[in-house]
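Asker: got a structure for you, letters missing:
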């Protein structure tokens, strides 16, 4: 019988959470905290050119360009986005990346031909993505 | 809701219990009375046998709960009977379990909602004439709640579930306390009726099988492990135990109290057994009505258990190609919406066919339940045997005992209920298995044809393309189509119209394009005939496109609905072999009157929508290359990581010289994602156009159309109102016998599945 007050309290807490919190804001903040806890040295919004960095984010898009010979992914950590590019003429385990996969990239950011910050052939590691909300 | 919000929808134990256990908990509202109904055939004296039979059912329930605790721990990603049987016993036992479960879920909705309506009618007999309408209305209500989302519906469903459990415990506590000073008697106590039969072993087994309705829905938690919060297996096992303890204690308590209050229950009884006990114990006051309300509430919402598991099972079957692929994906609210809707339709149909009669429906109920229990437990025995690990021998014995017991009960259920209605389910299961097998066969056939080397397209030179502009009105849309065709620079461009009045204007704006005025009459037939003639004059490997300019008066669904003719026309051309359809829409308010719309756009960005590397994609890529693109790329949306990896690997190994982009589709809506994607090109229709090339499978038989997602149709609906977007449909005809298109060695190194 002692279970019922706890059950009612949990129901009330769930109800209050649902009413008062903005889930999107909570998840955004959660993703930023996750990025740091997963080993990022910098948030993407603070990333500058020509500095060695470790960044964490979720892959938003992937481009395979057989003509130019590269694979490019764009990752997002909730503060900003950055591209990472690998040559496909070398071994490319990076194809294990797909949209929605969380990754830790380790490399140097440079300004690409299109003016965007791009990590050239960074070290890559798929990591679990769990953000509580 | 975005896919990334999926974790937000995971259920804590406090919500998972009502979501997944409302079915087994609610069956306590009628399990005892089902036993009494059978025993009543032997006369009032036989009703005392309800206690030993209830104990046997409780023992069976405990066995099944203990067995399923092992299943949820062994299958953290969801170990429904289908998965366990499929993985450990083979495809056909898996399909047998799936068919049994699907039928069981439909019956769960029909039975529990009908029982809930019965509880309402018990309290308000004047509503008896509206039983069917009320039941179908409740099905609709539960369906709408489930379409809102799991967690949202879970919060709502928690109230009647916990309310029912509390009310029953209050009833049992009050009843047993009052029994200390002499039990109150039910209103039916002392009723005598003539025995219709003698007490035989068969009748006792029949009463036992009737009482096993208390077990329905126990497997729901094992199917729904992925819906639990982390750690999922542990939380699911704990919830299963909680459900088992609650269910057994309530069932035994109700059976004991029914015996002590001397309830007599027959088919003609106005009140249910629980209602009679409550009336005797509470004396018909507030608590009686509160209990009846909660009972009606939980019975109606018990259907929710099936709403959680039916769509999930159908989705798994769709992933394995045993069900149409439309059931595979989650809808806008992260719910498998198609499965929810189908379940609602089937359950409503059963309610109407059986006149919302609980006693008729319940006869069909238990066959599927015990088939799935037995196969699941038998599968677990093989699972433990295959992977020896500490304790696996003990676990194997537990599951083996569970399989043996549930197998015996299955035989009892079929024997005792066959003529009463179980034959319907016994006949339906093989039909469902055949259906699933034929769906799988169709998808296998499609995959073979898409990978067939004889049907692989050959590489063509740019320009091997003829275009025909279909002119309905010589307006700005037509002028823009002329500009577009000029930019593509096809080998030949011609104009066809039905209206001689368009001829003069067309000679002015497209003087270099030969004009043909077709006989007015059957538009579709005359154009088809014209295209067939044109096709004969062309080399077989060339493309022939029919360009259809469309003037849109405004945005929105109404614009699509108000012109059904043009859509029928486009759809009919898709079935014509060797013809591609280019749809060139323009919004009237986007027209600049001071501008010559026949000017060629300077840039034509061509995007090919791909889902995999196969013949249809290769054909679409070749087609795209003949459109003289400024930039050509292939794009795919919303694939899971495994499919992304496969597509990327296949793309590189196929030596396709076109870049491939893979994007998220956070709302699982490819049309919306693509409409958002094309905005980056800033197409205006004059200087910049974006051509979306969509490979489309064309199936020969109409019934096979239901097995394909109609993604192209949804995508086209979204793109219709995007400025400067041209949609080219490149049909790929699926034939029963693949026929060779060419004899040349293909340039692609194509890796088939």
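Answerer: Perfect, I can see it now. Treat the numbers as computed from the prediction; the structure is a model and nothing was measured.

Asker: Give me the secondary structure label for the residue of chain A found nearest chain B.
Answerer: As assessed by CB to the nearest CB, chain B sits closest to residue A:98 within chain A, at 3.0 Å. The way it works is simple: take the backbone N, C-alpha and C, and place the C-beta from them, glycine included. With DSSP: H, G, I helix; E, B strand; the rest coil as the basis, residue A:98 sits in coil.

Asker: Also residue B:548?
Answerer: strand.

Asker: And it, what's its pLDDT?
Answerer: You'll see residue B:548 listed with a pLDDT of 90.

Asker: partner residues bridging it?
Answerer: Taking DSSP bridges, one obtains residue B:583 as the residues bridged to residue B:548.

Asker: Please work out how many residues are found near it.
Answerer: Neighbour count of residue B:548, defined by other CB atoms under 10 Å in any protein chain shown: 23.

Asker: Help me confirm that it comes into contact with residue B:467.
Answerer: No: using CB atoms under 8 Å, residue B:548 is not in contact with residue B:467, being 11.1 Å away.

Asker: Mutual contacts of those two, please.
Answerer: residue B:582 (CB atoms under 8 Å, 6 or more residues apart in numbering or on different chains).

Asker: quick one on the thing from earlier: isn't the residue of chain A closest to chain B right up against residue A:59?
Answerer: Yes: Residue A:98 lies in contact with residue A:59 (CB under 8 Å); the separation is 6.5 Å.

Asker: number of nearby residues for the closest residue to chain A within the stretch 201-350 of chain B?
Answerer: Chain A sits closest to residue B:230 of the stretch 201-350 of chain B, with a gap of 7.5 Å, by CB to the nearest CB. Burial of residue B:230, expressed as a neighbour count using other CB under 10 Å, amounts to 12.

Asker: Check what contacts the host helix or strand of residue A:82 and list those residues.
Answerer: Assessed by DSSP states H and E, residue A:82 sits inside strand A:81-87. Here strand A:81-87 makes contact (CB under 8 Å, 6+ apart) with A:44, A:47, A:55, A:57, A:60, A:69-75, A:92, A:94, A:105, A:107, A:109, A:112, A:116-122, A:124.

Asker: which of the residues in it are buried?
Answerer: A:81, A:82, A:83, A:84, A:85, A:86 (16 or more other CB atoms under 10 Å in any protein chain shown).

Asker: Could you export those as TSV, including pLDDT?
Answerer: Shown next, in TSV, are the buried residues of strand A:81-87 (pLDDT from 0 to 100):
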residue	pLDDT
A:81	88
A:82	91
A:83	91
A:84	91
A:85	88
A:86	86
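
Asker: Confirm that residue A:72 sits in a helix.
Answerer: No: read with three-state DSSP, residue A:72 is strand and lies in no helix.

Asker: What pLDDT is listed against it?
Answerer: 88.

Asker: Over to residue B:750?
Answerer: So residue B:750 comes in at 38 (pLDDT).

Asker: Return the list of strands paired to the strand holding residue A:82, each annotated with direction.
Answerer: If you go by DSSP bridges, strand A:81-87 pairs up with strand A:70-76 (antiparallel), strand A:117-120 (parallel).

Asker: Flag every buried residue along the strand or helix carrying residue B:360.
Answerer: Using DSSP H and E, residue B:360 maps to helix B:358-362. Within helix B:358-362, the residues scored as buried using 16+ other CB under 10 Å are B:358, B:361, B:362.

Asker: what about the stretch 201-350 of chain B, any weak spots by pLDDT?
Answerer: Along the stretch 201-350 of chain B, the model assigns pLDDT under 70 to residues B:329-336.

Asker: Can you tell me how far the residue of chain A closest to chain B is from residue B:433?
Answerer: 35 Å (CB to CB, to the nearest Å).

Asker: between these two, which one's more packed in?
Answerer: Comparing residue A:98 with residue B:433 by neighbour count (other CB under 10 Å), the higher total belongs to residue A:98, at 23 against 19.

Asker: just to revisit the earlier point, quick one: list the elements packing against the next helix or strand after the helix holding residue B:360.
Answerer: For helix B:358-362, the following helix or strand on the C-terminal side (DSSP H and E) is helix B:366-386. Applying 3 or more CB pairs under 8 Å, 6 or more residues apart in numbering or on different chains; DSSP states H and E, one finds that helix B:366-386 makes contact with helix B:50-74, helix B:81-88, helix B:91-123, helix B:392-417, helix B:423-451.

Asker: closest to chain A out of the ones you listed?
Answerer: helix B:50-74 (17.9 Å).

Asker: Buried residues, the closest one. List them.
Answerer: Result for helix B:50-74 [16+ other CB under 10 Å]: buried residues B:50-51, B:53-54, B:56-58, B:60-61, B:63-74.

Asker: Kindly report the same for stretch B:681-701.
Answerer: B:681, B:683, B:685-686, B:688-699.

Asker: Determine which two of those residues are furthest apart.
Answerer: B:686 and B:699 (38.0 Å; CB to CB).

Asker: Which stretches in chain A count as strands?
Answerer: A:52-65, A:70-76, A:81-87, A:102-111, A:117-120, A:123-127 (DSSP state E).

Asker: pLDDT below threshold where in chain A?
Answerer: For chain A, the ranges with pLDDT under 70 are A:1-28, A:89-96, A:129-133.
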